[in-house]
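Colleague: Make a model of this:
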Amino acid sequence: MTSFPRATTLAVSITLAAIYGCSTAEQQPVTPQWTWQAVSASREIPPDQAYPELFLAVQQSNLFTDQKHFVDALPRKAPADIRAAYLAQKDEPGFDLKAFVTANFEESGTADVQPPKPGADLPTHINDLWPVLTRNYQQVPAYSSLLPLPRSFVVPGGRFREMYYWDSYFTMLGLAESGRTAQVRDMVDNFAYLIDTYGHIPNGNRTYYLSRSQPPFFAYMVDLLARLEGASAYQRYLPQLQKEYAYWMEGAQTLKPGEATAHVVKLADGSVLNRYWDASDAPRQESWAEDRATAAQAPDRPAAEVYRDLRAGAESGWDYSSRWLGDGKTMATIRTTAIVPVDLNSLMFHLEQTIAKACQQSSQPACTARYTQWAQARQKAVELHLWNPAGFYADYDWQKQALSDRISAASLYPLYAGLATQAHAEQTAASVNQQLLRPGGLATTTQNSGQQWDAPNGWAPLQLIAVQGLRGYGQDALAETIGRRFLEQVQNLYGREAKLVEKYDIEGGQGGGGGEYALQDGFGWTNGVTLELLKLYGKPAQ
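Modeller: The predicted structure is shown next:
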């Protein structure tokens, strides 16, 4: 099994120096001093390693309808003792697996939310939800799969009882709109702590998420805090911004054209871009049975390859979508690691620009010039390789050297990040208007594959990315149409069912479907985006 040692500031600084020729002095502005100490690394063992035989038996037997339930359950005693007891008892006549689990684990439960107060409108209900969704885990129970964090944080809701990476940015926008600036700062500090502790921001603060990250929105979080508290935020978090960049760019210097390693791809012309990737090639602990079933449907592929692509798809945040599927519809054809995604590379462009800004404010001209140069090189590569002449930005298959012919909501990320040319932004807007606009907002893709990141689902973060990206290029009318339609969808479902949900069926006017689990309500990023859109466009007509 893969182990995940803690990263130190010095180690990551040396990695940057080795990869990019930066001096360690450039990488070390004043680092925030954490007064709180994390749990020892020896406890950061995911459930499939702590009691492997029991884990296998539980997940293989489908003891719970949601496989995340068991890996989130809290052991009542030391995992080694539970493992020994299981090995001693499992072959005895009449052994009851469910009874054994009940006796040795506490149920994980859900992050349930309260119904709205009578007559509460959307903003009021969302403001009431923030305390309900807030968690404090400076210390976690012994043997929990949770990773402790130094500050409070907001969870999405439902089965998602931990802090997630890219979800949190959109949640933080809502916290800021609600006047909860201190909580925004707490969450930025949590993410900075994760980078300092593990060398990257995990998918979520669980041991079983440590092998991957999620779309890199940390730079946008720093932007948000800078707007709230002043530009000193850039200097304060410069070390963590650079460490995150080092994580995503690890191995770039040694690549030859046509090769890839970890998150980095070097194309035939020498362009360096990024992909999604996971350090593990085993089934996801929280979706073990589903991943095993997918691999079994691809007998002509090594199972480890399928697992890696499934995990990389989870890192993308779009888990799952026709974007990653070779045939556009069948999970067994997933090939996420072969795709250079337009959204990820737009986020990396913004990260490079943000670090350049932070270096400039820290009086490091060489560092400023270096990151600016990398951002410019990436912008050129995106325009060259990820622009489809049909009129939109698209993903690129680096193995097949082929550009996707499918538009998706990710096509708007270059506008959101500000790397698109004006002409390409206008063409993208026209294509989106023609192909992705629906009665309830922006469709995720044009494909209806049964996966949750495909039609007919619309997702709150993608609506806001579209709105802000289009507004940045003067496409205000289309932005307003998308924003108002999505707000109306959210308002209508809230009026009928008194809740906000994770995703919406923007063609049928209901909550969304598809994917590996039931529709969840709460819901962190929908709450945040709703407040942002209400600020822009006001309440939808009743």
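Colleague: In this structure Ala57 contacts Leu97, no?
Modeller: Yes. With contacts counted by C-beta atoms under 8 Å, Ala57 reaches Leu97, the gap being 6.0 Å. To be clear about C-beta, it is placed using only N, CA and C from the backbone, and glycine gets the same treatment.
Colleague: what's around Ser61, how many residues?
Modeller: Ser61 has 11 neighbouring residues, counting by other C-beta atoms under 10 Å.
Colleague: Common neighbours of Ala57 and Leu97, please.
Modeller: Common contact partners of Ala57 and Leu97 (C-beta atoms under 8 Å, 6 or more residues apart in numbering): Lys90.
Colleague: looking at the protein, which helix or strand is least sure?
Modeller: helix 9-20 (a mean of 35; mean pLDDT, DSSP states H and E).
Colleague: so how far is the helix or strand following that one off the chain centroid?
Modeller: Downstream of helix 9-20, the first helix or strand assigned by DSSP states H and E is helix 47-50. Mean-position distance between helix 47-50 and its chain equals 23 Å (C-alpha atoms, centre = their mean, to the nearest Å).
Colleague: Quick one: low-confidence residue ranges for the protein.
Modeller: 1-43, 541-542 (pLDDT under 70).
Colleague: now the spatially most central residue of it: how far from Lys243?
Modeller: Closest residue to the average C-alpha location of the chain: Gln214 at 3.4 Å, with C-alpha atoms, centre = their mean. Distance of Gln214 to Lys243, computed by C-beta to C-beta, to the nearest Å: 16 Å.
Colleague: which ones are touching the residue nearest to the residue nearest to the centre of the chain when sequence neighbours are not counted?
Modeller: The shortest distance from Gln214 to any residue other than its chain neighbours is 3.7 Å, reached at Tyr165 (C-beta to C-beta, 6 or more residues apart in numbering). Tyr165 makes contact with Phe191, Ile201, Pro202, Asn203, Gly204, Ser213, Gln214, Pro215, Phe217 under the criterion C-beta under 8 Å, 6+ apart.
Colleague: you'd agree Leu533 is in a helix?
Modeller: Yes. Counting by DSSP: H, G, I helix; E, B strand; the rest coil, Leu533 is found in a helix.
Colleague: about what we covered before: can you tell me which of the contacts of Tyr165 comes closest to Arg484?
Modeller: Of all these, Phe217 has the smallest distance to Arg484: 24.9 Å, by C-beta to C-beta.
Colleague: Next, give phi and psi for that closest one.
Modeller: phi -100, psi 10 (degrees, to the nearest 10).
Colleague: looking at it, it is touching Tyr169, isn't it?
Modeller: Yes. Proximity of Phe217 to Tyr169 meets the contact threshold set by C-beta under 8 Å, at 4.1 Å.
Colleague: Break this protein into its domains for me.
Modeller: Per automatic domain parsing, the structural domains of the chain span 1-28+121-249, 47-106, 258-418, 436-542.
Colleague: mind checking which of these is nearest Ala430?
Modeller: Here domain 258-418 is closest among those (C-beta to C-beta), at 6.3 Å.
Colleague: Could you tell me the end-to-end distance of the closest one?
Modeller: End-to-end distance of domain 258-418 (C-alpha to C-alpha, to the nearest Å): 28 Å.
Colleague: One more: stretch 283-292?
Modeller: Termini of stretch 283-292 sit 7 Å apart (C-alpha to C-alpha).
Colleague: buried stuff in it?
Modeller: For stretch 283-292, the neighbour count (16 or more other C-beta atoms under 10 Å) marks Pro283, Arg284, Gln285, Glu286, Ser287, Trp288, Glu290, Asp291 as buried.
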